[in-house]
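**Q** Here's my sequence, what's the structure:
(one chain, ligands or ions: 1)
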Amino acid sequence: MSSASEPRNIVLTGLQWGDEGKGKVVDVLACRSRLVVRFQGGNNAGHTLVVDGRQLILHVVPSGILNAGVSCVIGNGVVVDPEVLIIELDALAARGVDLSGERLILSDQAHVIMPYHRTLDACRESALGGKKIGTTKKGIGPTYEDKVARRGVRVCDLLDERALAERLYAVLPEKNRQLVDWYGDAAHTVDELLSWARPLAERLRPHVRDSVGHLHAANAAGQAILFEGAQGTFLDVDHGTYPFVTSSNTVAGQACAGTGVGPTDIHAVVGIAKAYTTRVGAGPFPTELDDALGAHIRDIGHEYGATTGRPRRCGWFDAALVRHAVRLNGTTHLALTKLDVLSGLETLQIGLGYEDSDAPPAGAEALMAARPRYETVPGWQEDIRQCRTWDSLPPTCRAYVERIEVLVGLPVGLVSVGPGREEIIVRSPLFRLADT
Ligand code: IMP
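**A** Okay, the predicted model is just below:
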């Protein structure tokens, strides 16, 4: 639980292109929270949990679900694939995780990923040929498109067969024209989709609530809320490397729109950055290491997508990007993850900016062409996974973190030195584990 002197409601976001190790930091912060809430994205995200020594990858359910004192909320800003959510609920129940009462709440206003959204995502990607975005093909983009175009299906519609039928009669003719005439795929019928929806709706009904009202009540009662971002700042549809982005806003501001909790009720923003940079899918990546060193970082850091299994592109820490992300998110606290992966390198490089500017240019083409300016710093040879205090880190390792602090303009409050829950060095009281 949070103490009176510490911020109560916290937003946590990734400061790069996703996969910054947010799940582990959520785990640390969940100890002091009563609710963990997702506010954007869908099952394009993925985090790996270990339950009873067995690995479980969750894509929709918030990371806090294993923490018995926490209630999880899938907010209105999330797009939900009901089939995937049910698979996750079943997997958690099979491992003895309590999902009764209000442990897992699904917003009645969240948008539903329909079967045709998944098909359209895959068809569009293959139609792009060599110009693919590299989406996860989970239907995320087409579902957000329909949300904004006011032809989406929401969870409240899924639970109300008459409302759902009405939506589908309005929407399907256009969808079928696209699917059949444009992409040569199969058409859907209203009856078929109603039959698809019926058992899913009944299975999810016990979890569906007015999530906005629920969060306001929790907030009024002084309960600590953790808003768990998915993806990362540069996948944001406004602020990312457009068009190589996801279809939601991933920055901290979206925590408000995606849950209905107002900005004055957010007390801190935690930004997570990896000690180097990775990216999955296509798009600009100025500090990418497209060589043996990049492959080495990928191997040591196990940099393969949790959702698609794709190898992640790896590169040096880009301080110019992270500095920009710190501003975009209003970041108050910084966590640096996977520092141990860089052990054993003779020297390291840090991206300082680009040949023509300090900030990343707006256009993807310009960023693709941008040549980074680097600073070279000494590496460290020691294995740092056993280190639990700042002073026990090798001096050059500390110097690397301190240089990052100067360049991005924030102190690093937590350093992660290994995948385990305890493999952290805490430098700010905010990140102190409840049981340490
Ligand atoms: P979409 O979100 O499936 O539409 O994919 C759009 C882009 O975002 C692609 O480059 C994906 O690889 C990337 N992406 C989506 N979710 C994640 C994530 O959780 N981590 C890293 N990249 C992601």
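**Q** Could I get the buried residue list for stretch 92-101?
**A** Within stretch 92-101, the residues that count as buried by 16 or more other CB atoms under 10 Å are 92, 97, 99. Where C-beta positions appear, they are placed from N, C-alpha and C, glycine not excepted.
**Q** typed the wrong thing, it's stretch 292-304
**A** 294, 297-298, 300-301, 303.
**Q** That stretch and the ligand, are they touching?
**A** No - Stretch 292-304 does not reach the ligand (CB under 6 Å from any ligand atom); its nearest approach is 10.7 Å.
**Q** List the contacts of that stretch.
**A** 19, 276, 278, 288-289, 310-315, 338, 341-342, 345 (CB atoms under 8 Å, 6 or more residues apart in numbering).
**Q** From the residues you listed, list just the buried residues.
**A** Counted by 16+ other CB under 10 Å, these give 19, 276, 278, 288-289, 312-315, 338, 341-342, 345 as buried.
**Q** between those residues, which is nearest Glu166?
**A** Asp19 (39.8 Å; CB to CB).
**Q** My guess is that closest one contacts Thr277. True?
**A** No - taking contacts as CB atoms under 8 Å, Asp19 lies outside contact range of Thr277: 10.0 Å.
**Q** Can you give me the neighbour number for the nearest residue to Leu120 once chain neighbours are set aside?
**A** What sits nearest to Leu120 in space, not counting adjacent residues and going by CB to CB, 6 or more residues apart in numbering, is Pro142, at 4.4 Å. Neighbourhood size, Pro142 [other CB atoms under 10 Å]: 26.
**Q** Likewise for Val412?
**A** Counted with other CB under 10 Å, Val412 comes out at 21.
**Q** Settle this for me: it is touching Thr337, isn't it.
**A** No - here Val412 lies out of contact with Thr337, judged by CB under 8 Å, at a distance of 10.3 Å.
**Q** Only C-alpha atoms, please: export stretch 128-137 in PDB.
**A** The C-alpha coordinates for stretch 128-137 follow below in PDB (Å, rounded to 0.1, in the frame of the first residue of the first chain):
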ATOM      1  CA  LEU A 128       1.200  -3.900 -48.300                       C
ATOM      2  CA  GLY A 129       3.900  -6.300 -49.500                       C
ATOM      3  CA  GLY A 130       7.400  -4.900 -48.900                       C
ATOM      4  CA  LYS A 131       5.900  -1.900 -47.100                       C
ATOM      5  CA  LYS A 132       4.400  -3.800 -44.200                       C
ATOM      6  CA  ILE A 133       4.000  -2.100 -40.800                       C
ATOM      7  CA  GLY A 134       4.700  -5.500 -39.200                       C
ATOM      8  CA  THR A 135       1.600  -5.500 -37.100                       C
ATOM      9  CA  THR A 136       0.800  -8.300 -34.700                       C
ATOM     10  CA  LYS A 137      -2.200  -9.200 -36.900                       C
END
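**Q** who are the neighbours in contact with whichever residue of the chain sits closest to the ligand?
**A** Proximity to the ligand, evaluated over the chain using CB to the nearest ligand atom, is greatest for Gly281 at 2.3 Å. Applying CB under 8 Å, 6+ apart to Gly281 gives the contacts 133-135, 244, 310.
**Q** isn't there a helix covering it?
**A** No - per DSSP: H, G, I helix; E, B strand; the rest coil, Gly281 lies outside any helix segment and is coil.
**Q** Just the endpoints, please. Distance across stretch 128-148?
**A** 23 Å (CA to CA, to the nearest Å).
**Q** Buried residues of it, list them for me.
**A** 133, 135-144, 146-147.
**Q** the domain parsing of the protein - what is it?
**A** Domain segmentation of the chain under automatic domain parsing yields 10-73+210-431, 111-207.
**Q** The shortest one: end-to-end distance?
**A** Yep, that's domain 111-207 we're talking about. By CA to CA, one end of domain 111-207 lies 15 Å from the other end.
**Q** Could you pull up the mean pLDDT of that domain?
**A** Across domain 111-207, the average pLDDT comes to 96.
**Q** ditto for the longest one
**A** This predicted structure assigns domain 10-73+210-431 an average pLDDT of 95.
**Q** what's the offset of that domain from the middle of its chain?
**A** Mean-position distance between domain 10-73+210-431 and its chain equals 9 Å (CA atoms, centre = their mean, to the nearest Å).
**Q** Could you do the shortest one as well?
**A** Distance of domain 111-207 from the chain centroid (CA atoms, centre = their mean) equals 22 Å.
**Q** Any residue of it touching the ligand?
**A** Yes - Domain 111-207 comes into contact with the ligand (CB under 6 Å from any ligand atom), by way of 133-136, 138, 140-141.
**Q** possible to save those as CSV with secondary structure and distance to Leu164?
**A** Converted to CSV, the residues of domain 111-207 next to the ligand look like this (DSSP: H, G, I helix; E, B strand; the rest coil; distance: CB to CB, whole Å):
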residue, secondary structure, distance to Leu164
Ile133, coil, 30
Gly134, coil, 32
Thr135, coil, 26
Thr136, coil, 26
Lys138, coil, 21
Ile140, helix, 21
Gly141, helix, 22
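**Q** Show me which residues of this protein sit near the ligand.
**A** So far as CB under 6 Å from any ligand atom goes, the chain lies against the ligand at 17-19, 44-45, 133-136, 138, 140-141, 230-231, 235, 244, 246-247, 280-281.
**Q** residue boundaries of the helices in the stretch 201-350 of the chain?
**A** 211-220, 254-257, 292-300, 319-329 (DSSP state H, counting those that start in this stretch).
**Q** Give me the residues contacting stretch 309-316.
**A** 19, 134, 276-281, 285-290, 294-295, 297-298, 301, 303-305, 348-351, 372, 374.
**Q** One more pass at 6 Å, please.
**A** 277-280, 285, 287-289, 294, 297-298, 303-304, 349, 351 (CB atoms under 6 Å, 6 or more residues apart in numbering).
**Q** Likewise for stretch 370-390?
**A** Outside stretch 370-390, the residues touching it (CB under 6 Å, 6+ apart) are 286-287, 340, 343-355, 393-394, 396-397, 400, 417-418, 423, 425, 427.
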